[in-house]
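Visitor: Predicted model, plus sequence, below.
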Amino acid sequence: MHTAFISHPDTLLHVMDGNHPESPARISAIKDRLIGAQVYDHLQHFESPLATDEQLARVHDPAYIRRIRELAPQAGIVHLDPDTAMGPMTLSAALHAAGAVVMATDKVISGKALNAFCCVRPPGHHAGRANAEGFCIFNNVAVGVAHALTHHGIERAAVIDFDVHHGDGTEDIFRDNPKVMLCSTFQHPFFPHRGADSRIDRMINVPLAAGADGAAFRHAVEHEFGPALSAFRPEMIFISAGFDAHRDDPLASLNLIRDDYIWVTRYIMAIARRYAQDRIVSTLEGGYDLISLADSATAHIRTLADI
Ligand SMILES: [Zn+2]
């Protein structure tokens, strides 16, 4: 049982509006598939703690954290941007989502788990230093990375983001931090319309045209991510695991399939074995077709757990 699976019941209680694609059903679909595929019982299960303001403030402007706390409604819905809203349980879900990545980082660095998957929402990779965006409120993966650097003294961390959307919030937070490399494949041109012109050596951004398939994705990982990661030699790897580049996803137009997620997970595990003592913390980002999300995430987790 070397893989930790970290979630929290409040992750099911964050609801934006009736038909929003970023829905609690995403979490239920993944858990149900893990059980059906007989993967669930092979994982170490943990409930995530709330992230603290100290942990959040490593990557977010303190005034932004205060604003989110103040905006959190007692009832009804408050919109942070046209795509992103808070209901009465959203603040708790968001704090538990960021707290999950902190807990995962502690488990993996202490050796209590070889790797970890955080099954949480809201997702995080569009949240910048002082803004919510694209269904994201706190940048969960960034909070975990900052915890690894500041609390545990990790010198070099890599974030590999295979969500179909560019991890613009993660780039915003770490673009000036020499201890962090971001490797992101994303559909372009497409929301959030950033990433294609970053011109920073540690920001390995690989735009993919609409319609690109697994061959183009694997080529990008092998020929762009691989050499950069080998030169950077990360001591720990974080994954922004979005599954919305799947061909069945309704929000985007790439054509990955389950085997591509298994392949990239194995590729990242090989890099982690070479440089990072196997240390991988993966966290859920996007993925909006419930069937392909559950199938791809289960394949990813099964691969991490080596079962
Ligand atoms: Zn996405």
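Guide: Sure, I can see it. Numbering: from 1, shown residues only.

Visitor: Let me see the mean pLDDT of the helix or strand encompassing Gly169.
Guide: For Gly169, the enclosing helix or strand under DSSP states H and E is helix 168-174. Mean pLDDT, helix 168-174: 98.

Visitor: Could you double-check that Ala210 sits in contact with Ser253?
Guide: Yes. Here Ala210 lies in contact with Ser253, judged by Cβ atoms under 8 Å, at a distance of 4.0 Å. Bear in mind the C-beta positions are built from the backbone N, C-alpha and C, glycine included.

Visitor: Could you point out the helix or strand that follows the helix holding Gly169?
Guide: Following helix 168-174 in sequence, per DSSP H and E, is strand 180-187.

Visitor: Now do that following strand, average pLDDT.
Guide: Per-residue pLDDT over strand 180-187 has a mean of 98.

Visitor: residue in the chain nearest to the ion?
Guide: Of all residues in the chain, Gly286 sits closest to the ion, with a separation of 2.8 Å (Cβ to the ion).

Visitor: my read: Arg218 touches Tyr261, true?
Guide: No. With contacts counted by Cβ under 8 Å, Arg218 stays clear of Tyr261, the gap being 11.2 Å.

Visitor: Compare the two (neighbour count), which wins?
Guide: For Arg218 versus Tyr261, neighbours defined as other Cβ atoms under 10 Å are more numerous around Tyr261 (25 against 16).

Visitor: Tell me if I'm right that that one and Phe243 touch.
Guide: Yes. Assessed by Cβ under 8 Å, Tyr261 is found in contact with Phe243 at 6.8 Å.

Visitor: Any chance you could note which residues of the stretch 201-307 of the chain sit beside the ion?
Guide: 242, 244, 286 (Cβ under 5 Å from the ion).

Visitor: List the contacts of the closest residue to the first one other than its chain neighbours.
Guide: The reference is to Gly242. Spatial nearest neighbour of Gly242, excluding adjacent residues (Cβ to Cβ, 6 or more residues apart in numbering): Asp163 at 2.5 Å. By Cβ atoms under 8 Å, 6 or more residues apart in numbering, the contact set of Asp163 is 125, 184, 186, 240-245, 285-286.

Visitor: next SSE after the lengthiest helix in the chain?
Guide: Longest helix of the chain, by residue count under DSSP state H: helix 90-109. Note on helix 90-109: by DSSP H and E, the next helix or strand toward the C-terminus is strand 115-118.

Visitor: for that next one, packing partners?
Guide: Using 3 or more Cβ pairs under 8 Å, 6 or more residues apart in numbering; DSSP states H and E, the elements in contact with strand 115-118 are strand 3-7, helix 90-109, strand 280-284, helix 290-305.

Visitor: Go ahead and list the helix or strand containing the residue nearest to Tyr40 when sequence neighbours are not counted.
Guide: Excluding the flanking residues, the one nearest Tyr40 by Cβ to Cβ, 6+ apart is Leu34, at 4.2 Å. Using DSSP H and E, Leu34 falls within helix 25-36.

Visitor: For that helix, output the C-alpha coordinates as CSV.
Guide: C-alpha atoms of helix 25-36 as CSV (Å, rounded to 0.1, in the frame of the first residue of the first chain):
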residue,chain,number,x,y,z
ALA,A,25,-20.2,14.0,-9.3
ARG,A,26,-16.6,14.0,-10.6
ILE,A,27,-15.3,12.9,-7.2
SER,A,28,-18.0,10.3,-6.8
ALA,A,29,-17.3,8.9,-10.3
ILE,A,30,-13.6,8.4,-9.5
LYS,A,31,-14.2,6.8,-6.2
ASP,A,32,-16.9,4.5,-7.6
ARG,A,33,-14.6,3.4,-10.4
LEU,A,34,-11.7,2.8,-8.0
ILE,A,35,-13.9,0.5,-6.0
GLY,A,36,-15.3,-1.3,-9.1
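
Visitor: how near is the spatially most central residue of the chain to Ala72?
Guide: By Cα atoms, centre = their mean, the mean C-alpha position of the chain lies nearest to Ser240, the distance being 2.8 Å. Relative to Ala72, Ser240 is positioned 25 Å away (criterion: Cβ to Cβ, to the nearest Å).

Visitor: before we move on, the earlier item: can you pull the buried residues of the helix holding Leu34?
Guide: 26-27, 29-31, 33-34 (16 or more other Cβ atoms under 10 Å).

Visitor: Okay then, goodbye and thanks.
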